[in-house]
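Trainee: can't give you the sequence, but here's the structure:
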């Protein structure tokens, strides 16, 4: 990938080069046909690898994919998930974009040049759709999987007024733009301000196109399609949204309307913020008199535990395994080949966390459950 080895694309599930022709790249910057390219860490890759061309290649591949689809399956739907290199390292924009307009050196920093490049890439993809008159048959979604860069760059603060950066439990780590366009179907130039998650996109798209969500798929997805069509229709929108950081320092948080509760298990501390009036999360409300013994706060904490990777659930209940089209209990995962079964069937992770949770090996679930018992007293 653009940020790490192997420095090559994968196409149709296969490495897009002959492994015998690989080149060992030394880390550093070098001149290439597109300007200045870079290798973050020494490793193998495609001999023609050029980081500055990454997003242009993605755009060209997208165009090729759509044209091929129109030629071979014009009456079928298509799905294109387009992951741009912006703004991952290295920040090496091309001298010129596909249309000949300049990119590198147009802003104060290479980071900002990458943002300009992203704008051009999105514009190019939208133009591909418009040039083929597909805009009334295509749902276009623009979003990000997490917040901005951890370190601010001169001339640009990725998170704006939000606290924290990429991967943080703060709003700057998780609150991202979401723009959806569907010409002739969705209203234009309108905004929505209710809380949704990118995990909700799956069921929302299913609703828009009239597909029933397959059993066992996207179990944490909740449709907001009706809200897209009519901002006054706020029925069935989610009340809660949880975030989890399960690396060396476990943190988790939950939103309920405008309130956000954060728990840090390492020192068993809590913080509470009203993100409507305090979007920068600077005024911790947890010690306010009205918070003590507040039933809503306890409900939020219980919900956080039930939503998370260490969920406390009834593991004696029967549940459906979609790939087998059979009902099973958690004991079935224990009978034999536990690791293989847990890996193959996502229902094990969901319904049997004490057996299948990926966090069992590092004891994170054990520690969280111990704190849960402690906080119930």
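Mentor: Great, that's in hand. Keep in mind that this is a model prediction, so the values were computed, not measured.

Trainee: all helices of the stretch 51-200 of the chain, in order?
Mentor: Secondary structure of the stretch 51-200 of the chain by DSSP state H, counting those that start in this stretch: the helices cover 54-72, 110-131, 171-174.

Trainee: what about the closest residue in space to residue 8 that isn't next to it in sequence, neighbour count?
Mentor: Leaving aside its chain neighbours, residue 8 sits nearest to residue 46 (4.1 Å; criterion: Cβ to Cβ, 6 or more residues apart in numbering). (Each C-beta comes from the backbone N, C-alpha and C, glycine too.) When neighbours are counted by other Cβ atoms under 10 Å, residue 46 registers 18.

Trainee: find the residue at the geometric middle of this structure.
Mentor: Geometric centre of the chain, nearest residue: residue 145, 2.8 Å, by Cα atoms, centre = their mean.

Trainee: returning to what we had before: could the helices of the stretch 51-200 of the chain be laid out in a markdown table, adding distance to residue 14, mean pLDDT and mean neighbour count?
Mentor: Shown next, in a markdown table, are these (distance: least, Cβ to Cβ, whole Å; pLDDT from 0 to 100; neighbours: other Cβ atoms under 10 Å):
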| stretch | distance to residue 14 | mean pLDDT | mean neighbour count |
| --- | --- | --- | --- |
| helix 54-72 | 14 | 97 | 16 |
| helix 110-131 | 24 | 96 | 18 |
| helix 171-174 | 34 | 93 | 24 |
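
Trainee: can you tell me the closest non-neighbouring residue to residue 87?
Mentor: Counting by Cβ to Cβ, 6+ apart, the nearest residue to residue 87 once its immediate chain neighbours are dropped is residue 114, at 4.4 Å.

Trainee: how about that neighbour, what does it touch?
Mentor: By Cβ atoms under 8 Å, 6 or more residues apart in numbering, the contact list for residue 114 reads 85-87, 91, 93.

Trainee: what do you get for residue 111?
Mentor: Taking Cβ under 8 Å, 6+ apart as the contact definition, residue 111 lies against 87, 91, 149, 153, 156.

Trainee: let me have the residues you listed in JSON lines, extended by neighbour count, distance to residue 275 and pLDDT.
Mentor: Output for those, formatted as JSON lines (neighbours: other Cβ atoms under 10 Å; distance: Cβ to Cβ, whole Å; pLDDT from 0 to 100):
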{"residue": "87", "neighbour count": "20", "distance to residue 275": "25", "pLDDT": "82"}
{"residue": "91", "neighbour count": "23", "distance to residue 275": "31", "pLDDT": "92"}
{"residue": "149", "neighbour count": "18", "distance to residue 275": "22", "pLDDT": "80"}
{"residue": "153", "neighbour count": "18", "distance to residue 275": "25", "pLDDT": "60"}
{"residue": "156", "neighbour count": "16", "distance to residue 275": "23", "pLDDT": "75"}
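
Trainee: circling back: relative to residue 189, which of the helices of the stretch 51-200 of the chain is closest?
Mentor: Across those, residue 189 has its closest neighbour in helix 110-131 (15.6 Å, Cβ to Cβ).

Trainee: quick one: low-confidence parts of the stretch 251-377 of the chain?
Mentor: By pLDDT under 70, the weakly predicted segments of the stretch 251-377 of the chain are 309-313, 358-377.

Trainee: what about the strands in it?
Mentor: Counting by DSSP state E, counting those that start in this stretch, one finds strands in the stretch 251-377 of the chain at the ranges 251-256, 259-264, 269-274, 319-321, 326-328.

Trainee: ok, which of those comes nearest residue 301?
Mentor: strand 259-264 (6.5 Å).

Trainee: so what touches that closest one?
Mentor: Residues outside strand 259-264 that contact it (Cβ under 8 Å, 6+ apart): 169, 171, 249-254, 269-275, 281, 296-297, 300-301, 304.

Trainee: any of those buried? List them.
Mentor: Neighbour-count burial (16 or more other Cβ atoms under 10 Å) applied to these gives 169, 171, 250-254, 271-273, 275, 281, 297, 300-301, 304.

Trainee: now, the most widely separated pair of the residues you listed?
Mentor: 250 and 275 (21.6 Å).

Trainee: so how far is stretch 288-306 from its chain's centroid?
Mentor: Remark: stretch 288-306 is offset 27 Å from the chain centroid, using Cα atoms, centre = their mean, to the nearest Å.

Trainee: and it, which residues are buried?
Mentor: Those would be 297, 300-301, 303-305, for stretch 288-306 by 16+ other Cβ under 10 Å.

Trainee: from the residues you listed, pick the one nearest residue 229.
Mentor: Among those, residue 303 lies closest to residue 229 (Cβ to Cβ), at 28.2 Å.

Trainee: if I look at that closest one, how far off is residue 332?
Mentor: For residue 303, the distance to residue 332 equals 28 Å [Cβ to Cβ, to the nearest Å].

Trainee: can you check residue 111 too?
Mentor: Where residue 332 is concerned, residue 111 sits at a distance of 50 Å (Cβ to Cβ).

Trainee: got the contact list for the residue nearest to the centre of the chain?
Mentor: By Cβ under 8 Å, 6+ apart, the contact set of residue 145 is 176, 198.

Trainee: quick one, grab the pLDDT at it.
Mentor: Model confidence at residue 145, given as pLDDT, is 88.

Trainee: please apply the same query to residue 15.
Mentor: Note for residue 15: predicted pLDDT of 88.

Trainee: that one pairs with what?
Mentor: As for beta bridges, residue 15 partners with residue 10 under DSSP bridges.

Trainee: thinking again about what came up before, same list (the buried residues of stretch 288-306) but as TSV, adding distance to residue 355.
Mentor: Converted to TSV, these look like this (distance: Cβ to Cβ, whole Å):
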residue	distance to residue 355
297	31
300	27
301	24
303	22
304	21
305	17
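
Trainee: re earlier: could I get the helices of the stretch 51-200 of the chain as TSV with distance to residue 197?
Mentor: Converted to TSV, these look like this (distance: least, Cβ to Cβ, whole Å):
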stretch	distance to residue 197
helix 54-72	25
helix 110-131	22
helix 171-174	9
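
Trainee: thank you kindly, that will do.
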